[in-house]
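Peer 1: the following block contains a protein sequence and its predicted model.
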Amino acid sequence: MNDPHVVRLTYRIEKAETVDFDKAPPLTVDRGAFRVTLDAYKAKVEMMDHFASAEEARKAIDPFLRAWELEADLRNSSERFRFVYETAEIIDRAPREPGAVLQVAKMGSSVIFGMNAVLHVSRAKWPDPPQDLEVSPDADVLWRRWWLHREEKQERLLSAAYWALTMLEEAPGLAAPERERRVSKKRRGASKMFNIDLDVLNTIGELTSTRGGADESRKAEGLTAPLSRGERQWFDAAFRALVRRVAEHAYHGGPPPKPLTMNDLPKLTP
C-alpha cells in the first residue's frame, strides 16, 4: 500500500512591473501545520503536518496565502503582490522500492501585472504576513469591489462605498417593517457585529448620499457638492478599513476586539 505524503509546495511570486523585491532577504513564517519561506520570487511551503495530496495541502495553505495577498493590497494595492501555485513534491512513505519519490507538478496561470507608470520602487523586505485576517466570502467580495474601484477604475467611489455599507448592514440579517426603522436597525446591527463605531457608518451613509457632483453623485442631493480632496482621502482609508474589518471578523468568528472609530481614520476635511 502506498502512503503518499506532501513534502513541499512551491508558488511563484508575481507583482507589478513597477516594483521589485530583488534586495529583500528571505522571510520565513511558521504556521504550525506548515512553514512558508519567501526568497527569490518563490514561496516554498514545507509541510509540518501530513497531507496525502497537493489538493489537500493547498486547502490548508491557500487561505493563508490569500490573506497575505489581502494584507499586501490594503497596504499598497499598486504592487499587486500575488502567489501562483507551481509544483508539489510528494514522497511515498511506504514504497515498494526503497527511495521511491513521487513528483507532481502543476503550473499556475500567469498573473503578470503591467502598468503605464514609469516610477519604479525597490523594496528591501517582503510584504508583512497577515495578522488576524481571513478571506471569507464576504471579505472576498468586498475586496473585489474595492479593487474594481481602486485599481481597475471600473466603479465610482461613492457607488462602491455605498455598496460596501449596505453589505455590512445586510450581514446581521435584521429586519423591521418600516423603511427608516429598518435602515437604523440594520446599521446598528452592523455596528455591533463588526465593532465599528456608528459615527463611521453614518458618515459613509451621509457622504454617499450628499456628495459627488454631476459625475459621481448617487442622489440628486449631491449634484452640486463634488467630493473634496480631503473627503476622497477619507473614503479611501475608510473603504480599506471596512475590507480589513470584515476579514478580521471572519478570523475571530465574531466582533474584532478593537473598535473601529473615526480616530482610526484621517481627519475628515471639506
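Peer 2: On my side now, so go ahead. Numbering: from 1, shown residues only.

Peer 1: after the helix or strand bottoming out on mean pLDDT in the chain, which helix or strand is next? Please name it.
Peer 2: Across the helices and strands of the chain, mean confidence by mean pLDDT, DSSP states H and E is lowest for strand 101-105: a mean of 54. Using DSSP states H and E, the helix or strand that directly follows strand 101-105 along the chain is strand 121-122.

Peer 1: now that following strand, how far from the centre of its chain.
Peer 2: Relative to the chain's own centre, strand 121-122 is displaced by 22 Å; criterion: CA atoms, centre = their mean, to the nearest Å.

Peer 1: before we move on, what about stretch 239-258?
Peer 2: 11 Å.

Peer 1: again with stretch 43-52
Peer 2: Relative to where its chain is centred, stretch 43-52 has its mean C-alpha point 23 Å off (CA atoms, centre = their mean).

Peer 1: list the buried residues in it.
Peer 2: 43-45, 47, 51 (16 or more other CB atoms under 10 Å). All C-beta spots, glycine's among them, are computed from the backbone N, C-alpha and C.

Peer 1: now render those residues as JSON lines, adding distance to residue 69, pLDDT and secondary structure.
Peer 2: Putting the buried residues of stretch 43-52 into JSON lines (distance: CB to CB, whole Å; pLDDT from 0 to 100; DSSP: H, G, I helix; E, B strand; the rest coil) gives the following:
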{"residue": "43", "distance to residue 69": "11", "pLDDT": "98", "secondary structure": "strand"}
{"residue": "44", "distance to residue 69": "17", "pLDDT": "98", "secondary structure": "strand"}
{"residue": "45", "distance to residue 69": "15", "pLDDT": "98", "secondary structure": "strand"}
{"residue": "47", "distance to residue 69": "21", "pLDDT": "96", "secondary structure": "strand"}
{"residue": "51", "distance to residue 69": "22", "pLDDT": "95", "secondary structure": "coil"}
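
Peer 1: in the stretch 151-270 of the chain, which spans are strands?
Peer 2: Under the criterion DSSP state E, counting those that start in this stretch, the stretch 151-270 of the chain contains no strands.

Peer 1: pLDDT weak spots in it?
Peer 2: Counting by pLDDT under 70, the stretch 151-270 of the chain has low-confidence residues at 174-183.

Peer 1: in which helix or strand does the residue nearest the centre of the chain reside?
Peer 2: Centroid-nearest residue in the chain: residue 70, 2.5 Å away (criterion: CA atoms, centre = their mean). Using DSSP H and E, residue 70 maps to helix 54-76.

Peer 1: against which helices or strands is that helix packed?
Peer 2: Using 3 or more CB pairs under 8 Å, 6 or more residues apart in numbering; DSSP states H and E as the contact test, the elements touching helix 54-76 are strand 4-14, strand 34-39, strand 42-47, strand 82-92, helix 137-150, helix 229-252.
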